[in-house]
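J.: what follows is a predicted structure for the sequence shown.
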Amino acid sequence: MTRITLSVLAVTAIIALSACGSSDIPAGVSDSDKETLTKAFAKADKAENPVMTCAVLAGKVSGYANRDKALAQKAMTALETCYVDVRLRYFDAILKQADKSSGCMKIYSSTQIWRMSLGSMGAEQGMDTAALDKRVADAMEPRLKGVCDDFVLEGLRGQ
């Protein structure tokens, strides 16, 4: 193969990999919020709780609320992505890495932390945490049935 062909193949591979890496990040999110979401997804993939990384987005929503509605909405989209999609990825990583008992307890306890921190901060700015919690619970239900006790799923549902 010629150098040009190899160069074209390398560039094509880089573009393809870049596109795959950002598929979980919604359109319209600012570049800095994309970076925060990328960090949060990376932590989640390693079963490291990304709630503090996501808290940066909650702070942005609050900070922009009275100054710039467009930026606040972009940050809210990123926060909702953290609240649902990053959390789901984190829970999946927990289930893969931990034994049944400790994994289920980790999911249950972290749910309370996410709800009290990100959920309460987002709710103050109009985030529909009940609807988002339902999305998380609905997505996790088939993964938790027969693996965790019922109280874990009930906790995800806010019961």
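T.: Yep, it's here.
J.: quick one: contacts for the closest residue to Lys74 other than its chain neighbours?
T.: Closest residue in space to Lys74, ignoring its immediate chain neighbours: Ser30 at 5.2 Å, by C-beta to C-beta, 6 or more residues apart in numbering. Backbone N, C-alpha and C define where each C-beta goes, glycine included. Ser30 makes contact with Leu71, Lys74, Ala75, Ala78 under the criterion C-beta atoms under 8 Å, 6 or more residues apart in numbering.
J.: any idea how far Leu79 is from Ser30?
T.: Per C-beta to C-beta, to the nearest Å, Ser30 is found 12 Å from Leu79.
J.: ok, back up a step: which of the contacts of Ser30 fall within strands?
T.: Applying DSSP state E to these, no entry is found in strands.
J.: of the residues you listed, buried ones?
T.: Neighbour counting by 16 or more other C-beta atoms under 10 Å classes Leu71, Lys74, Ala75, Ala78 among the contacts of Ser30 as buried.
J.: how many other residues sit next to the residue nearest to the last one when sequence neighbours are not counted?
T.: By that I understand Ala78. Counting by C-beta to C-beta, 6+ apart, Ala78 lies nearest to Asp33, which is 3.9 Å off, once chain neighbours are set aside. Residues lying near Asp33 (other C-beta atoms under 10 Å) number 24.
J.: now for Asp33: which residues touch it?
T.: Leu57, Lys60, Lys74, Ala75, Ala78.
J.: contacting residues around the first one?
T.: In other words, Leu57. Contacts of Leu57 by C-beta under 8 Å, 6+ apart are Asp33, Thr36, Leu37, Ala75, Ala78, Leu79, Cys82.
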